[in-house]
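[1] One predicted model, sequence on top.
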Amino acid sequence: MTYQVVYSRHARQRMVLRGISRVEVEQGILRGSKGRQDGKILASYRYYSVVYFLRGKRCYVITVELRW
């Protein structure tokens, strides 16, 4: 991944709660289908979605949610 990924506290808590690893989040960002959500990017991949935004060379992960 070309970006440094920064996880919010909320995102880390949701990842633990939902059993989604950092590797899965990064795969979702790279491979997921992208959409916009209030100025943020929503990447949907497999059974989860990643909400994030880009600033410079950093990717800030806001939350991770299950798709179903």
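    Right, received. Where do you want to start?
[2] where are the low-confidence patches of this structure?
    Where the chain drops to pLDDT under 70, the residues are 1.
[3] what about stretch 32-41, distance to the chain center?
    Averaging C-alpha positions (CA atoms, centre = their mean, to the nearest Å) puts stretch 32-41 10 Å from its chain's average.
[4] Tell me the span between the first and last residue of that stretch.
    11 Å (CA to CA, to the nearest Å).
[5] what's next to that stretch, contact-wise?
    With CB atoms under 8 Å, 6 or more residues apart in numbering as the test, stretch 32-41 has contacts from 42-45, 49-54, 62. (Each C-beta comes from the backbone N, C-alpha and C, glycine too.)
[6] Tell me which residues are up against stretch 53-68.
    Against stretch 53-68 from outside (CB under 8 Å, 6+ apart): 1-8, 10-11, 14-15, 18, 20, 25, 28-29, 39-41, 44, 46-52.
[7] picking that back up, okay if I get the contacts of stretch 32-41 as TSV plus neighbour count?
    Converted to TSV, the contacts of stretch 32-41 look like this (neighbours: other CB atoms under 10 Å):
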residue	neighbour count
42	18
43	21
44	15
45	18
49	19
50	26
51	20
52	24
53	14
54	12
62	17
